[in-house]
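*Asks:* let's see this in three dimensions:
(2 chains)
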There are 2 protein chains.
Amino acid sequence: VRTVRVCFDRGSYPVRVGGGLLREAGNILANAGFAAPPVLVTNPRVWRLHGSALLSGLEPTFGKIHRVVIGDGERFKNHATLSLIYDGLFRARADRHSWILAFGGGVVGDVAGFAAATFMRGIAFVNVPTTLLAQVDSSIGGKVGINVPQGKNLVGAFHQPSAVLSDTSVLRTLVPRELAAGLYEVVKSGAIRSEPLVRYLETTLPQILGGDPECLERAVVAASRIKAHVVAADEREKGLRMILNFGHTLGHALEAATDYRRFKHGEAVAWGMAAALGFGVETGVTDPGDSHRLATLIHRVEKLPGLGGIEFDDLWTSLERDKKFRSGRLRIVLIRRVGEAEICADVDRRGLRRYLKQFVRRPGGVEA
Amino acid sequence: VRTVRVCFDRGSYPVRVGGGLLREAGNILANAGFAAPPVLVTNPRVWRLHGSALLSGLEPTFGKIHRVVIGDGERFKNHATLSLIYDGLFRARADRHSWILAFGGGVVGDVAGFAAATFMRGIAFVNVPTTLLAQVDSSIGGKVGINVPQGKNLVGAFHQPSAVLSDTSVLRTLVPRELAAGLYEVVKSGAIRSEPLVRYLETTLPQILGGDPECLERAVVAASRIKAHVVAADEREKGLRMILNFGHTLGHALEAATDYRRFKHGEAVAWGMAAALGFGVETGVTDPGDSHRLATLIHRVEKLPGLGGIEFDDLWTSLERDKKFRSGRLRIVLIRRVGEAEICADVDRRGLRRYLKQFVRRPGGVEA
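*Replies:* Presented below is the predicted three-dimensional model:
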């Protein structure tokens, strides 16, 4: 088990990464000071696959655990699910000393975390992420929230977890597409902050995609460490933290323009990274060799769902609605060289529009 | 105009108190660094009475102001109203640099503040409280939130305003009962922290209830200063801040047991303070002379709605559901002497129950 510590202005918390952590959860959390049982939030699939392992870890320490089972999928990251969690907390007679254990992927972590942020003005929560995407990205950093009809993550809070337990052995049950989708965020982490991580991925990609435990664990630790460093430097996304959005501006727009059906989040981010690399080369920011190197790695992960049939005007409208994109000035994260990101403020809006229009028709760099 | 500064861990903000501030709002807020126009949240009554004064203050600086008008009253402090405010923000094309101006009483401040706390993970807001209760209490300290079917303020956040503008001249339009209800929170402030404030109220009560501007302003400043000091010492209610709950444990229960219809919040708190004084004397914590002095002052403010017909069991159930009251140990704020509060942990539950049962039947100290 490896530990990464995340520091923020009011404290710090550990991210523990390793195989078999679910069965150790009770000990780890008791050592972290938790005494009362949590209210556990999960989804049916995760519970069916891994519930017994987690219970075997928790029950000897905490006794009977209250459980709230929410719908599986992005469309359940909404106010109705939030209410369901509040109801579960009330039924469990939770008070401001109670805590939530979020057991699932990004949706579970985001909505359960937001419930924790707002229940009685904030209670503690622990993330036990079960997808690669959640382990390397969404479980760390305290961004929690829900979607509203106007867009994704537009209602939320910054509320840091008290601990993150990333059991890499649960990644074995991910379907290949989901593992790949998570891996794009690892590629992103390397692209913005760590050439060695990119090199490691280039070398071990087949093992990682094949589920090799040691390689997966190393990748999760490396990406968690990058996320932890960036979040520690800029908890509330005033500056540096924006580099984590590399590929996300177009990625979110692609998800929205296809009604969140065609792409997994990581896949949309993969397209967004490919586009940002190309745009970076065109505008002279990105080294062409480094762009090629990263695009090749992205390409090797899996065959991405194509961009065919997407109306560019829908895409651009979604993109302009993005909260990172809205305030007058247009900002986008580009890569200077592998491991080195740059937040480009005042990007030429018309130039980007022209580039993306062409990209969506005939994406270069990554072949669909 | 007098200024009280509230300090908290991430910064500080000014509470400005004085007559005629609405017409100065634009200048004051421009000086505070606000450039874009706010999204203004208000209710129909406040807007009808004071909207033109505020607009005359804001429009020369900010131009056209987007406005969201929400229902008037505690029953509108809910998720539906929150959604209405989010909708208004989206219609105004708000982004994470936008800000909310909450213009009204405690309900407006709480729900608009919670919208600000959660819209795009937190935007700025300014409180312009228009009731005495909101000026001396709820506008300061960053407690924001909504009610849910299970109880009041059970969903919320700590989100400090960027500024508070308390225009004491708007207090002239309060009906006497509402002015009196707010005054109980001023009595509370004195009871827990300032014998001189209690003395001032004893001397000037007729002028204050008669709407004398200078006396009202002094009372608002004194209570704001006490609130600011307590909040600065304990933003997140881990300790000292609990003393602000003097009278509130029973107060909230009385409101809940009567479906929030019979009492104004301040009136319920008045009953709660009277009960806590009596219980304090009975348990030897409160000086009997000081209890009598404070009960007399409470009694002089107005004739309180009576306690007749309240089922004690309903009251006790509500009380046990209170979030300050829930975690195993029972805590209650008592007064040692005028100006000196004490958080009593591990209060004898049966003793309190017996005392309150008798109090509700035949309240001593304060005659209804």
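*Asks:* now do the strands in chain A.
*Replies:* Taking DSSP state E as the test, the strands found in chain A are A:2-8, A:11-18, A:39-42, A:66-69, A:99-104, A:124-129, A:143-148, A:151-158, A:163-167, A:332-337, A:340-344.
*Asks:* is it possible to get CSV of those strands that adds mean pLDDT?
*Replies:* Putting the strands of chain A into CSV (pLDDT from 0 to 100) gives the following:
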stretch, mean pLDDT
strand A:2-8, 95
strand A:11-18, 97
strand A:39-42, 98
strand A:66-69, 98
strand A:99-104, 98
strand A:124-129, 98
strand A:143-148, 96
strand A:151-158, 93
strand A:163-167, 98
strand A:332-337, 96
strand A:340-344, 95
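*Asks:* and those: which comes nearest residue B:311?
*Replies:* Counting by CB to CB, residue B:311 lies closest to strand A:66-69 out of the strands of chain A; the figure is 29.8 Å. Backbone N, C-alpha and C define where each C-beta goes, glycine included.
*Asks:* counting neighbours, what do you get for the closest residue to residue A:96 other than its chain neighbours?
*Replies:* When the adjacent residues along the chain are set aside, residue A:96 lies closest to residue A:120, with 4.4 Å between them (CB to CB, 6 or more residues apart in numbering or on different chains). Residue A:120 sits with 22 neighbouring residues when counted by other CB atoms under 10 Å in any protein chain shown.
*Asks:* residues touching residue A:120, list them.
*Replies:* Residue A:120 makes contacts with A:94, A:95, A:96, B:154, B:155, B:156, B:323, as judged by CB atoms under 8 Å, 6 or more residues apart in numbering or on different chains.
*Asks:* by neighbours, which of the residues you listed wins?
*Replies:* For the contacts of residue A:120, counting by other CB under 10 Å, the largest number of neighbours falls to residue B:156: 26 neighbours.
*Asks:* let me see the contact set for it.
*Replies:* When the contact criterion is CB under 8 Å, 6+ apart, the partners of residue B:156 are A:118, A:120, A:121, B:110, B:114, B:117, B:143, B:144, B:145, B:146.
*Asks:* cool, residue A:29 as well?
*Replies:* With contacts taken as CB under 8 Å, 6+ apart, residue A:29 has the following neighbours: A:38, A:58, A:61, A:62, A:126, A:163.
*Asks:* number of residues surrounding the first one?
*Replies:* Residues within reach of residue A:38, counting by other CB under 10 Å, total 26.
*Asks:* show me how far the helix or strand bottoming out on mean pLDDT in chain A is from its chain's centre.
*Replies:* Comparing every helix and strand of chain A by mean pLDDT, DSSP states H and E singles out helix A:312-321 as the least confident one, with a mean of 88. Computed by CA atoms, centre = their mean, to the nearest Å, the separation of helix A:312-321 from the middle of its chain amounts to 22 Å.
*Asks:* just confirm yes or no for it near chain B.
*Replies:* No - remark: helix A:312-321 sits outside contact range of chain B, by CB under 8 Å from any CB of the partner chain, the gap being at least 9.2 Å.
*Asks:* all helices for the stretch 151-300 of chain A, in order.
*Replies:* Here the stretch 151-300 of chain A has its helices, by DSSP state H, counting those that start in this stretch, at A:176-193, A:195-209, A:213-233, A:248-257, A:265-282, A:288-301.
*Asks:* how near is residue A:110 to chain B?
*Replies:* 11 Å (CB to the nearest CB, to the nearest Å).
*Asks:* pull the number of nearby residues for the closest residue to that residue other than its chain neighbours.
*Replies:* Nearest residue to residue A:110 in three dimensions, chain neighbours excluded: residue A:144, at 5.3 Å (CB to CB, 6+ apart). Using other CB under 10 Å as the criterion, residue A:144 is surrounded by 28 other residues.
*Asks:* residue A:257 contacts residue A:309, correct?
*Replies:* No - at 10.1 Å, residue A:257 and residue A:309 do not qualify as touching, with contact defined as CB atoms under 8 Å.
*Asks:* neighbour count for those two, which is higher?
*Replies:* When residue A:257 and residue A:309 are compared on other CB under 10 Å, the one with more neighbours turns out to be residue A:257, at 24 against 7.
*Asks:* ok, the more buried one - contacts?
*Replies:* Contacts for residue A:257 were tallied using CB under 8 Å, 6+ apart; they are A:310, A:311, A:314, A:315, A:318.
*Asks:* name the helices or strands packed onto the least confident helix or strand of chain A?
*Replies:* Identification of packing neighbours for helix A:312-321 by 3 or more CB pairs under 8 Å, 6 or more residues apart in numbering or on different chains; DSSP states H and E yields helix A:248-257, helix A:349-361.
*Asks:* rerun at 6 Å
*Replies:* Helices and strands touching helix A:312-321, by 3 or more CB pairs under 6 Å, 6 or more residues apart in numbering or on different chains; DSSP states H and E, are helix A:248-257.
*Asks:* which bits of the stretch 1-150 of chain A sit near chain B?
*Replies:* With CB under 6 Å from any CB of the partner chain as the criterion, the stretch 1-150 of chain A meets chain B at residues A:90, A:95, A:96, A:97, A:118, A:120, A:121, A:150.
*Asks:* if we can go back for a sec, next, format the strands of chain A as JSON lines and append distance to residue A:359.
*Replies:* Supplementary listing: the strands of chain A in JSON lines, determined by distance: least, CB to CB, whole Å:
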{"stretch": "strand A:2-8", "distance to residue A:359": "35"}
{"stretch": "strand A:11-18", "distance to residue A:359": "35"}
{"stretch": "strand A:39-42", "distance to residue A:359": "39"}
{"stretch": "strand A:66-69", "distance to residue A:359": "41"}
{"stretch": "strand A:99-104", "distance to residue A:359": "34"}
{"stretch": "strand A:124-129", "distance to residue A:359": "32"}
{"stretch": "strand A:143-148", "distance to residue A:359": "26"}
{"stretch": "strand A:151-158", "distance to residue A:359": "22"}
{"stretch": "strand A:163-167", "distance to residue A:359": "34"}
{"stretch": "strand A:332-337", "distance to residue A:359": "13"}
{"stretch": "strand A:340-344", "distance to residue A:359": "17"}
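*Asks:* those strands: which one's closest to residue A:54?
*Replies:* Each of these was checked against residue A:54 via CB to CB, and the shortest separation belongs to strand A:99-104, namely 6.1 Å.
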